[in-house]
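Undergrad: what follows is a predicted structure for the sequence shown.
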Amino acid sequence: MSLLNRRVFFGASVGGLASAFLAGHGSVARDEPVQIAPPPRPAIEPLQANLLPQDTLFLSWQRDPTTTITIQWLANETTENTDIRCVPRLGDKRTTGKTVTRPWPKSNLKVYRCELTGLTPNTEYLFQIGKALQAYRFRTMPAKATDTIQWVSGGDCGTGTHAIGTNILAAKQEPYFALIGGDLGYDNGISGKTALAFLRNYAKHMIDPKGRLIPMVTCIGNHEVRGGYKRKREDGTFYLPLFDGLYKDTTYATLDFGDYLSLVLLDTGHVSPIDGAQTEWLGGVLKERQDRPHLIVVNHVPAYPSYRNPGSSKGGVLDLIGLGGSSGTGAGNRKHWCPLFERYGVDAVLEHHDHTFKRTHPLKGGMQDKYGVPYLGDGSWGKLRTPNSPEKRPYLAKVSKAYHMTVHRLEGDQRYHVALEETGRVADVYATFGKRPAKRG
Ligand SMILES: [Fe+2]
């Protein structure tokens, strides 16, 4: 395609991308009070009219991140064409995609979704929505890990100033994608306004220094679900209609990236019980992936908490809200999942919910073991608590009271996990390599 034709196709340079994202406004988040009974189902909530696609536009994946991309946004119903036109930034092969809409529950907005398939790995693309002139930029994941691959993770964001600060810091790292391990906006399945504010912040700030939109991968947390634990799919009121491309039938899934990385995304008992079908599935998918160079598990409630009491499986009313028994304490993870992580050589578990920075020792059966599994995270993208000390919780290697997200860098068989505080200060650098234990050392 000639330069002239490219201008006609896109009608606008990508240099002006940033200005299109300046219209969003965050709202200040607060922790929701603990409630014994699930709150009533929300009625229709009139949300902001006249949203532009770029106000909530975000990318995600439903399948192969090397050859597909899913483009989504929220807006009022329109009769205008919203299909996607896409072209490589340095190439001619155009792709088009049909945009489908569906209601966003309890609101006057629709979810717009378009999946582009048949893309070329490790390639930059430009796309436009309908006849709009604004062009957006993204890149597909490499199929082979021939170069450094960098992405970011964290959890427990909310919509406040610290969440925005961490968004800005994360985007600066030029990550291929951002992995949010549950508790995105804290909508609790009842506040569309909060879920919308989260997306507005993401759309506004999660653009890398080259103007590329940063795809978002998520797993479900308690604050995505009305009632938090042991609920039904429809209680993930605002979350699942956005992410059910990946979580079509279950609230757990895998994403495999080329020949180098597999993510296993789990539900810590919010919609799917930890034990039973999910654990059976987990055993199968880990077994199939045990020789992958980088095998990473992501779940919201930590097996090894830094703030909460690790707890026990007592059940009862408090169990239902995640305070007393197996829900929300990690007891279920430790009983059903950790033995599988250890058996199949999971390289790291990313877990959150406790609102601190933490890294455990490599653990086997809860004890430090050089061939064990490290647990990283604890969810302080935008929420904060004071952690327990490693003296009180010997499984902890490092903790701090700091808003943070982690930069993961894959180089060959080496993994670097660099935790960055909101200010940019390095909280921790942790490196592992190879597969454990047989192939390691
Ligand atoms: Fe949580």
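TA: Thanks, I have the structure now.
Undergrad: going forward, measure contacts between C-alpha atoms and count neighbours the same way
TA: Will do.
Undergrad: do I have it right that residue 384 meets residue 401?
TA: Yes. Shown here, residue 384 and residue 401 form a contact pair, counting by Cα atoms under 8 Å, at 6.8 Å.
Undergrad: more crowded one of these two?
TA: residue 384 (21 against 16; other Cα atoms under 10 Å).
Undergrad: with adjacent residues omitted, what lies nearest to that one?
TA: Nearest residue to residue 384, sequence neighbours excluded (Cα to Cα, 6 or more residues apart in numbering): residue 355, at 4.6 Å.
Undergrad: how far away is that neighbour from residue 386?
TA: 8 Å (Cα to Cα, to the nearest Å).
Undergrad: with residue 112 instead?
TA: Counting by Cα to Cα, the gap from residue 112 to residue 386 is 40 Å.
Undergrad: so between these two, which is more surrounded?
TA: residue 112 (23 against 15).
Undergrad: distance of the more buried one relative to residue 359?
TA: For residue 112, the distance to residue 359 - Cα to Cα - is 38 Å.
Undergrad: with residue 106 instead?
TA: For residue 106, the distance to residue 359 - Cα to Cα - is 39 Å.
Undergrad: low-confidence stretches in the protein?
TA: By pLDDT under 70, the weakly predicted segments of the chain are 1-43, 48-49, 312-327, 436-441.
Undergrad: hmm, try it at 50
TA: For the chain, the stretches flagged by pLDDT under 50 are 1-35, 313-324, 438-441.
Undergrad: domain parsing for it?
TA: The record's domain parsing of the chain by automatic domain parsing lists 3-24+43-139, 149-433.
Undergrad: which one of those is the most hemmed in?
TA: By mean neighbour count, with neighbours taken as mean count of other Cα atoms under 10 Å, domain 149-433 ranks first of the domains of the chain at a mean of 22.
Undergrad: end-to-end on that one?
TA: Start-to-end, domain 149-433 (Cα to Cα) is 15 Å.
Undergrad: now that domain, how far from the chain's geometric center?
TA: Centroid separation for domain 149-433 versus its chain: 8 Å, with Cα atoms, centre = their mean, to the nearest Å.
Undergrad: next: stretch 117-128.
TA: On Cα atoms, centre = their mean, the centre of stretch 117-128 falls 21 Å from that of its chain.
Undergrad: next one: stretch 114-131
TA: Distance, centroid of stretch 114-131 to centroid of chain: 21 Å (Cα atoms, centre = their mean).
Undergrad: same question, stretch 90-109
TA: So, by Cα atoms, centre = their mean, the centroid of stretch 90-109 is 20 Å from its chain's centroid.
Undergrad: contacting residues around it?
TA: For stretch 90-109, contacts defined as Cα atoms under 8 Å, 6 or more residues apart in numbering pick out 1, 42-47, 74-77, 82-88, 110-116, 124, 192, 237-238, 241.
Undergrad: what about those, which are in strands?
TA: 74-75, 84-88, 110-116, 124 (DSSP state E).
Undergrad: alpha carbons of stretch 288-298, in CSV - could you do that?
TA: In CSV, the C-alpha atoms belonging to stretch 288-298 read as follows (Å, rounded to 0.1, in the frame of the first residue of the first chain):
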residue,chain,number,x,y,z
GLU,A,288,-0.2,-31.4,29.0
ARG,A,289,2.0,-28.3,29.5
GLN,A,290,4.6,-29.5,32.0
ASP,A,291,7.4,-29.2,29.4
ARG,A,292,6.5,-25.7,28.3
PRO,A,293,9.5,-23.4,28.8
HIS,A,294,7.4,-21.0,31.0
LEU,A,295,4.3,-22.3,32.8
ILE,A,296,2.6,-19.7,34.9
VAL,A,297,-0.6,-20.0,37.0
VAL,A,298,-2.8,-17.0,37.8
